[in-house]
Structure formats: C-alpha cells, structure tokens
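S.K.: Structure for the following, please:
(one chain, ligands or ions: 2)
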Amino acid sequence: MGSTTRTGAETRRSGLPPATEAGRRAADPPVEDRQAFVVPVAALRRQLGLRWERHCEGVLAELAVTGSEVPRGAAVAVDVVLEAVAGGVTVVGTVRAPWVGACRRCLSPVTGRLDVAVRELYAPGGDGDEIYPLEDEVVDLSLLARDAVVLELPPAPLCKPTCRGLCPECGANRNRESCRCQPARDLRWAALDVLRERPRPEGPI
Ligand SMILES: [Zn+2]
Ligand SMILES: [Zn+2]
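M.R.: Ligands and ions are numbered 1, 2, ... in the order given. Just a heads-up that it's a prediction; the model follows:
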C-alpha cells in the first residue's frame, strides 16, 4: 500500500512554515452572539402601538474601520423600545460599545466608548438600506447595531486634542521628549517665516 508514501507527505505538510497555520486560523469564521440580538415580534405586531423594551448584548465580529475597532470578544449592548406600527416595527434607543485604536499623530493606543442613538424601521421587504428587513416575524437587532457602530467608530482618533505627534526626522514622541531635529520647512512658507521672525518695530504689546 502507499502508507509509507502518505506518512512522508504528512511529515512534509507538518513542516510547512507557521504562517500557513496562522493564515488558516485567521480564516476561521469569527465567533458571534448573533442569536442574542434576535427578537421574535409576532406577538408585538398583533396590536398597533404596543411597545416592548428590550436589552440585549453580545459579540459581533469584525466591527472595524481603518483607525479603530471594537476589541475582539467585547460585547455590543443594545437598549431599545420596539413599537408595532402599520407595516412594521420601529426601533428607538441606543447602541453602546467600547473601541480601541491608535492615535493618528503619535500612534499610542487610544480607547473610548460609543453611545449611539438609533431610530430605525424594520418592515417586510426592507433591504437594510433605508428600512431593515422583517422576515419570519423576527427583528434582528444585530443589523442595526452593526451599522450604528461602524458609522460611529472614529477613523482618525487622537490620544488628546493637543497631541504633538512623532518627530518626522527621528521618530521621537514629542509628547514625552524633545529632539534636536530642525523641522523641515516648506519653501512656500519661508517668506512668512521671515516676516514672523523679524522683530516688530513697535515692540511687544
Ligand atoms: Zn497622540
Ligand atoms: Zn527628531
């Protein structure tokens, strides 16, 4: 039989560079508590004007923009009032989630919390653009939560409004240390620099 050959192949396969294993793990489907956000609304929709308060929270995967993201495994919380209206269900309330990112000037870690007000309509035939879908008498609040979080995640966070950033010459963090590098001057501003550095004839006010 070819058992010896196969053993050899397996040995070779296990000797693949670790990057391949890491790549395979990254491709695994992310863990999500999607079911925690599903609200059956058949009973609500039997009476127009009926309202339900609902709190739900769970992990929603891959909530990220270029400059920030909800940390892996962190819960998104939804607090809303659902109301039966003609043709669907309105959802009004808040979506909350923590976020992490890197300061756009000095690259140090920045954290924050989102608290997003939401007001949306779920209706049969909704395509998730203006109106969210209401299918099988179920409202999936993860759709609304995901959109609210991604729209509010800061694309270019700052550690503080006055962050002085990194020196472009030596990389020193100018919030913590000074360096002796001369700032490279843009020639277009050179004339202005001359004016600024010239002592005022009337002296300081
Ligand atoms: Zn900074
Ligand atoms: Zn420097």
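S.K.: quick one: Gln47 and Glu83 touch, right?
M.R.: No. Contact criterion Cβ atoms under 8 Å: Gln47 and Glu83 do not qualify, at 10.4 Å. C-betas here are computed from N, CA, C, even on glycine.
S.K.: could you measure the nearest residue to Gln47 once chain neighbours are set aside against Arg54, distance?
M.R.: Residue nearest to Gln47 in three dimensions, not counting chain neighbours: Ala84, with 6.2 Å by Cβ to Cβ, 6 or more residues apart in numbering. When distances are taken as Cβ to Cβ, to the nearest Å, Ala84 and Arg54 turn out to be 13 Å apart.
S.K.: Please identify the residues of the chain in proximity to ligand 1?
M.R.: For the chain, the residues found near ligand 1 under the criterion Cβ under 5 Å from the ion are 103, 105-106, 159, 163.
S.K.: can you give me the strands in this structure?
M.R.: In the chain, the segments counted as strands under DSSP state E are 38-40, 51-59, 68-69, 75-85, 88-102, 109-123, 132-133, 138-140.
S.K.: In the last one, which residues are buried?
M.R.: Put plainly, it is strand 138-140. Across strand 138-140, burial judged by 16 or more other Cβ atoms under 10 Å covers 139-140.
S.K.: Can you give the distance of that strand from its chain's centre?
M.R.: Here strand 138-140 shows a centroid-to-chain-centroid distance of 23 Å under the convention Cα atoms, centre = their mean, to the nearest Å.
S.K.: For that strand, which outside residues touch it?
M.R.: 34, 37-41, 82, 89, 91, 122, 132-133 (Cβ atoms under 8 Å, 6 or more residues apart in numbering).
S.K.: switch the cut-off to 7 Å
M.R.: Residues outside strand 138-140 that contact it (Cβ atoms under 7 Å, 6 or more residues apart in numbering) are 37-41, 82, 89, 91, 122.
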